[in-house]
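[1] Structure for this input, please:
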Amino acid sequence: MIFTGFFKQLKGFLLPIVFTLGLRLRMEDGIFENRTSLYFVLGFLGLSLLTGFLRWFFFTYDYQDQVLHIRSGIFVKKERFIKKERVQTVNYKANVFYRFLNLVTLQIETAGGFKEPEIDIEAIDRKKATLLRDALKQEAEPGEPQSESESVESASVKSESAGFDDVSKPVKDEHGKDEHGKDAPEKRQKEKPAVYTVGYTRLALAGMTSSGIGVIFSFIAVVFGQGVALIPDEWLNRFLRIFQNTGVTVIISLVFIAFLIAWLISILRFIFAYGEFRIEKGEKEILIRRGLLEQKELSIKTHRIQGIRMIEGLLRQPFGYATLQVEVAGGASQDDGFKTTIHPLIHRKELQEFLRLIAPERVYREEFRPLPKRSLKRYLFRSMVFLLPLPVAFYFIPGNLVWLGMLIFPFSALFGYLRYNDAGYRIEGDHLLLRYRVFSRTTVLLKRQQIQSLQTQTNLLQKLRNLTSVNATILSAMMKADFTVKDLDVSEAQDIWQWYRRR
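    Residues are numbered from 1 along each chain as shown. Sure, this is the predicted structure:
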């Protein structure tokens, strides 16, 4: 816990440190010729280690009488009391260093969580984490009172002898046997969970078609541009002399190499993030395990799932692939920002079977009711109206590049048509399916009982064409999630409204 806290602080200053060291290398007096720089670096490292030690020293946790008690803080002391019934999910993650030491970080989420888990217990022994998680998730038998004798013994992060082993109920081993070698009642009654895995070939394909390649390429370009200043002048001059007669070829080659590197990084990112992907569907929860280097385990209560989102990127849609995400009410159960991915890359042909396994109550159909043809003009207008100043701006650039600004309009019009063509809706029993596009095509599967609000919005231009927009809101980790389909026919919007009002 001390060293992980130290490296977290160090990671935040990594780029400034590298940049500063690079500048010092270019100077004739070396890196630490000036003793002040050396003392400053040593003082920073020592202070970071001391902060990590104090965070560990003042952090303790207890679990007694079905209440989790957390004490933390160096200068400002914090004490948290979380009752067992408030706990929504208990997850864990373990980086490479933790896995080597058989440690995990336990994340405990409650209904009041928002951007972050309510509690993070770092560097806890995996066995203790498993026992604490089981104790927090354990449900009482019908009619069985919860007495103080059923509480788990107190424990502390710093105590090696402390644990959660002393429980008044029969102790079960990993095979579900009790202390007498017999099958435990819970084991006999519980059905075997359905298991789904994703192979590395599919993860590599997800990385190859990821929309994040452009972001990675931009990052590489920025790093390369800043990194030139760190290269000694002698090395830089040698490199330029080699390619001084090739001109544009060098620039094209460098851009191609940067794209290739971004492509490879995107593939490795998906493999490292979603390697060993495994999803288990139990009776009341979904358990997701993923991560090749940093292992993560995420549990989702099935009754908290408010909607399923299918996202098809520009590179994935032509091949029929998409990413599946769920919107979860309350807590901070997301694994990436505010998103919870239940399948990194699934083909549309596999979607029905996957939903029957994970969420059999959800309905998905390929056929959607399209927008009226008079909506096309509004989609084309919205896609091009913000580009109108471009030709004027390019006119004042030396070289008469107005034609370059004009070239953008056909591509923008094509994108507007794609937005119009992909938008639509479908009502299937108690389920509402919405489809729209921002950059990626998004399909949302909603149940009527879980839609918090439904509203129609009509501006003046829409009113002239007898059009309106429909917005559905559900609960999510961000308090709410909105889904909007623009420029529906008013009669179709009324059909959706009447469907929603039906009891």
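
[2] any residues touching stretch 269-281, and which ones?
    193-198, 200, 203-204, 206-207, 210, 212, 216, 286-295, 341-344, 357-358 (C-beta atoms under 8 Å, 6 or more residues apart in numbering). C-betas here are computed from N, CA, C, even on glycine.

[3] Lys78 contacts Ser72, correct?
    Yes - between Lys78 and Ser72 there is a contact under C-beta atoms under 8 Å: 5.1 Å.

[4] picking that back up, narrow the contacts of stretch 269-281 to those that are buried.
    Neighbour counting with 16 or more other C-beta atoms under 10 Å marks 196, 198, 203-204, 206-207, 210, 216, 286-292, 294-295, 341-344, 358 as buried within the contacts of stretch 269-281.

[5] Out of those, list just those in strands.
    In strands, defined here by DSSP state E, the members of these are Tyr196, Ile286, Leu287, Ile288, Arg289, Arg290, Gln295, Thr341, Ile342, His343, Pro344.

[6] possible to save those residues as CSV with distance to Ala135 and pLDDT?
    CSV is the format used below for those (distance: C-beta to C-beta, whole Å; pLDDT from 0 to 100):
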residue, distance to Ala135, pLDDT
Tyr196, 28, 91
Ile286, 21, 91
Leu287, 17, 91
Ile288, 21, 92
Arg289, 21, 92
Arg290, 25, 92
Gln295, 22, 89
Thr341, 28, 91
Ile342, 27, 92
His343, 31, 93
Pro344, 32, 92
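
[7] Regarding this structure, what is its longest helix?
    Looking across the chain with DSSP state H, the single longest helix is helix 248-274.

[8] Give the pairing partners of the helix or strand just after that helix; include direction for each.
    Counting by DSSP states H and E, the next helix or strand C-terminal to helix 248-274 is strand 278-281. Strand 278-281 has the following strand partners under DSSP bridges: strand 194-197 (antiparallel), strand 285-290 (antiparallel).

[9] Show me which residues of strand 278-281 are buried.
    Ile279, Glu280, Lys281.

[10] With stretch 300-319 instead?
    300-301, 304-313, 316-317.

[11] just stretch 489-503 next, same as before
    Quick answer for stretch 489-503 (16+ other C-beta under 10 Å): Asp489, Val490, Glu492, Ala493, Ile496, Tyr500.

[12] Dump the C-alpha coordinates for the helix or strand hosting the fourth one into PDB.
    Spelled out, it's Ala493. Element membership for Ala493 (DSSP H and E) is helix 490-501. The C-alpha trace of helix 490-501 is given here as PDB (Å, rounded to 0.1, in the frame of the first residue of the first chain):
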ATOM      1  CA  VAL A 490     -45.600  13.700 -34.700                       C
ATOM      2  CA  SER A 491     -48.000  10.700 -35.000                       C
ATOM      3  CA  GLU A 492     -45.200   8.300 -34.300                       C
ATOM      4  CA  ALA A 493     -44.100  10.200 -31.200                       C
ATOM      5  CA  GLN A 494     -47.700  10.100 -30.000                       C
ATOM      6  CA  ASP A 495     -47.700   6.300 -30.400                       C
ATOM      7  CA  ILE A 496     -44.600   6.100 -28.200                       C
ATOM      8  CA  TRP A 497     -46.200   8.500 -25.700                       C
ATOM      9  CA  GLN A 498     -49.400   6.400 -25.500                       C
ATOM     10  CA  TRP A 499     -47.300   3.200 -25.100                       C
ATOM     11  CA  TYR A 500     -45.400   4.800 -22.200                       C
ATOM     12  CA  ARG A 501     -48.600   5.900 -20.400                       C
END
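
[13] For that helix, what is the distance to the chain centroid?
    Distance of helix 490-501 from its chain centroid, counting by C-alpha atoms, centre = their mean, to the nearest Å, is 33 Å.

[14] Over to stretch 249-263?
    Taking C-alpha atoms, centre = their mean, the mean C-alpha location of stretch 249-263 is offset from the chain mean by 29 Å.

[15] Just the CA trace of it, in PDB.
    The C-alpha trace of stretch 249-263 is given here as PDB (Å, rounded to 0.1, in the frame of the first residue of the first chain):
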ATOM      1  CA  THR A 249       8.700  11.100 -48.700                       C
ATOM      2  CA  VAL A 250      10.000  11.400 -45.200                       C
ATOM      3  CA  ILE A 251       6.900  13.200 -44.000                       C
ATOM      4  CA  ILE A 252       4.600  10.500 -45.500                       C
ATOM      5  CA  SER A 253       6.700   7.700 -44.100                       C
ATOM      6  CA  LEU A 254       6.700   9.300 -40.600                       C
ATOM      7  CA  VAL A 255       2.900   9.700 -40.700                       C
ATOM      8  CA  PHE A 256       2.500   6.100 -41.900                       C
ATOM      9  CA  ILE A 257       4.800   4.800 -39.100                       C
ATOM     10  CA  ALA A 258       2.800   6.900 -36.500                       C
ATOM     11  CA  PHE A 259      -0.500   5.400 -37.700                       C
ATOM     12  CA  LEU A 260       1.100   1.900 -37.600                       C
ATOM     13  CA  ILE A 261       2.300   2.400 -34.000                       C
ATOM     14  CA  ALA A 262      -1.100   3.800 -33.000                       C
ATOM     15  CA  TRP A 263      -2.800   0.800 -34.600                       C
END
